[in-house]
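In: got a sequence here, can you model it:
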Amino acid sequence: MRADQTSAAPASPMTLGALHHAEPKPTGHTAPTPNCTATQSAVAGPLHILRVRAWHDPAVGSRGHDPRSAYVERFWIAVLGPSVVWLLRLLAREFDEISAGEEIHLDLDSTARRLGLQHRGGRQSTFMRTIDRCRMFDLAHFDENAVLMVRRLMPAVPRRLRMRMPQQLRDEIGDWRQADDRSDFSVGETRLLATCMLTLGHGLHESAERLVTLGLAPSAANEATAWAWAERCMRTRTRSSA
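Out: Predicted coordinates:
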C-alpha cells in the first residue's frame with residue numbers, strides 16, 4: 001500500500017450521539033465486548049469525559065507523520081483546519097506521557113478551553129464537530145466500547161484530498177521528503193539541539209516539539225530534552241553550592 005493511502009477505519013456502531021448514553025469505565029478496566037443495548041445504557045447529563053486510546057495502524061507504519069511534524073503543519077492543516085491539528089497535537093503529547101496500551105480520560109470541557117473552542121456538552125458544539133472531522137478524515141474512530149481510537153501517526157495526505165490545498169502546496173507536496181526518525185542525527189547532536197532550545201528560553205514540552213519538527217522521532221526528542229533539562233538543573237545546583 002502506498003504512503004498516500006489509508007486503511008478504512010473498522011466499522012463501528014458508535015456515534016457521538018450514542019456516546020451520551022455510554023458509561024465511561026475506569027482506566028485499565030477490562031470488560032467483555034458489550035452489545036448495543038449494554039453499550040448505550042443511559043446515564044444522566046451530557047458527555048463530559050471521553051475515553052481515548054492510540055490507534056497504531058500497520059498500514060501507515062513507520063511512514064506516518066507525527067501530528068507535531070512540519071509535514072502535518074504544512075500540508076494536513078490546509079485540509080483539516082487548525083482546530084483538528086491542534087487537537088491531534090495535544091493528544092500526541094498525552095500519548096507520550098502514558099504507557100503503551102493505556103487510555104486517556106479526556107475532560108472535554110477543559111480540553112475545549114485549552115484549544116480555544118466552545119463545548120456545552122452537545123454534539124453541535126465546536127469541539128464535538130472537531131472530533132467529528134477527525135472521524136470524517138479517517139484519523140479517528142470509535143470502537144465497540146465507545147473508546148475514541150486516534151491515529152498516533154498520520155498518513156500522507158491522500159491524492160483525492162490534495163485538491164483542497166492551494167496550488168503552491170499541491171506543487172510542493174509531490175517533492176516533499178519526510179524527515180523522520182531515520183534522520184542522520186547522533187545522540188550527541190540531538191542532546192546539543194535540545195540544550196540550545198532550552199537556552200533560547202523554550203519550555204520542556206515546547207523544546208521537544210520543536211525537535212520533532214526538525215525530524216526527530218518523538219521518543220528521541222523526549223529523551224534528548226529530558227537529558228538537557230537534567231544537565232541544566234545539575235549545573236544550576238553546582239553553581240549555587242559553589
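
In: longest strand anywhere in the chain?
Out: Scanning the chain for the strand with the most residues, using DSSP state E, yields strand 49-55.

In: tell me the buried residues in that one?
Out: 50-55 (16 or more other C-beta atoms under 10 Å). Where C-beta positions appear, they are placed from N, C-alpha and C, glycine not excepted.

In: can I get the residues you listed in JSON lines with distance to residue 66?
Out: Output for those, formatted as JSON lines (distance: C-beta to C-beta, whole Å):
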{"residue": "50", "distance to residue 66": "22"}
{"residue": "51", "distance to residue 66": "22"}
{"residue": "52", "distance to residue 66": "17"}
{"residue": "53", "distance to residue 66": "17"}
{"residue": "54", "distance to residue 66": "12"}
{"residue": "55", "distance to residue 66": "14"}
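
In: in the sheet, which residues pair with residue 142? Tell me.
Out: Under DSSP bridges, the beta-bridge partners of residue 142 are residue 148.

In: so it is in contact with residue 150, correct?
Out: No - Residue 142 is beyond contact range of residue 150, at 10.5 Å (criterion: C-beta atoms under 8 Å).

In: so which of the buried residues of strand 49-55 is the closest to residue 124?
Out: residue 50 (16.2 Å; C-beta to C-beta).

In: if the closest one is in a bridge, with which residues?
Out: residue 106.

In: tally of neighbours for residue 109?
Out: Residues contacting residue 109 under the criterion other C-beta atoms under 10 Å number 14.

In: for the helix or strand hosting it, what is the distance to the chain centroid?
Out: Applying DSSP states H and E as the criterion places residue 109 in helix 108-114. Centroid separation for helix 108-114 versus its chain: 15 Å, with C-alpha atoms, centre = their mean, to the nearest Å.

In: and the helix or strand following that helix, what does it pack onto?
Out: Following helix 108-114 in sequence order, the next helix or strand is helix 126-136 (DSSP H and E). With contacts defined as 3 or more C-beta pairs under 8 Å, 6 or more residues apart in numbering; DSSP states H and E, helix 126-136 has these neighbours: helix 16-19, helix 82-96, helix 108-114, strand 140-142.

In: for helix 126-136, buried residues please.
Out: 127-135.

In: check stretch 225-242 too.
Out: Those buried within stretch 225-242 under the rule 16+ other C-beta under 10 Å are 225, 228-229.

In: could you dump these to a markdown table with pLDDT?
Out: Below are the buried residues of stretch 225-242 laid out as a markdown table (pLDDT from 0 to 100):
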| residue | pLDDT |
| --- | --- |
| 225 | 88 |
| 228 | 89 |
| 229 | 88 |
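
In: which of those fall in helices?
Out: With DSSP state H as the criterion, helices contain 225, 228-229 from among the buried residues of stretch 225-242.

In: now, which of those residues sits nearest residue 173?
Out: The closest of those, once distances to residue 173 are taken by C-beta to C-beta, is residue 225, at 29.3 Å.

In: isn't the closest one up against residue 203?
Out: No - taking contacts as C-beta under 8 Å, residue 225 lies outside contact range of residue 203: 9.7 Å.

In: before we move on, the earlier item: deepest of the helices and strands packed on helix 126-136, which one?
Out: Mean neighbours per residue, mean count of other C-beta atoms under 10 Å, is largest over the helices and strands packed on helix 126-136 for strand 140-142, with a mean of 21.

In: what is that strand packed up against?
Out: Partner elements for strand 140-142 (3+ C-beta pairs under 8 Å, 6+ apart): helix 126-136, strand 148-151.
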